[in-house]
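Asks: Starting from these lines, generate the structure:
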Amino acid sequence: MLADLTSPSLVAITQMEAGEWEEDPDVEEIPDDAQMTQAQRLRAGIEFFADYGYPQNSFCTINALRDGIWEFKKGRIRVSFYDTDGAGGWTPKGKHIDRANSDDPDDEQFWWLPRFDDMIRLGHCFGKTTQVTEEEDIEMTLRVRLEDTAHDRP
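Replies: The predicted structure follows:
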């Protein structure tokens, strides 16, 4: 949530569920039925991750970006996220590179995931058309995280 109490991710996901999110690089005509289906799978994947702490790759995958910013991926749609303690604090967590130093080295599939705080929050949604995430998309999520966690502080 931004300081003005708007939620960029909620707006975008709501538009996706109606097939009306115009930033989707794969949309040719609005409304788009395929976008509605992708939005349902993306929402299910986000909820699964929030409940269990690891992705259900048949719904969506995840990827670390930088500075504790991660993304849910479905096709070329991205939803950025970060974790927080719910009291206004956060510690950036990145992808583990060395299995021996990971939080859960015995996990065969997801050893590279850090242990996230109990709350994950969505940043914003963006369409990805290149291999590299645009700096403006990371900066927008950093802004959302800064303003959002400020709401949690007494």
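
Asks: how about residue 48, phi and psi?
Replies: Dihedral pair for residue 48: phi -60, psi -50, per degrees, to the nearest 10.

Asks: Centre of the chain to the helix or strand harbouring residue 120, how far?
Replies: Take DSSP states H and E as the rule and residue 120 turns out to sit in strand 119-127. Taking CA atoms, centre = their mean, to the nearest Å, one finds the center of strand 119-127 at 4 Å from the center of the full chain.

Asks: Listing partners with orientation, what would you give for that strand?
Replies: The strands beside strand 119-127 in its sheet (DSSP bridges) come out as strand 77-84 (antiparallel).

Asks: what pLDDT, on average, does the strand it pairs with get?
Replies: Confidence over strand 77-84, taken as the mean pLDDT, stands at 97.

Asks: contacting residues around it?
Replies: By CB atoms under 8 Å, 6 or more residues apart in numbering, the residues outside strand 77-84 that reach it are 9, 12-13, 16, 24, 38, 42, 46, 65, 68-72, 90, 92-93, 116-128, 133, 137-138, 140-141, 144-145, 148-149, 152. Placement of C-beta: from N, CA and C, glycine included.

Asks: Then stretch 55-65?
Replies: When contacts are taken as CB under 8 Å, 6+ apart, the neighbours of stretch 55-65 outside the stretch itself are 41-42, 44-46, 48-49, 70-74, 80, 94-95, 110, 133, 138, 141.
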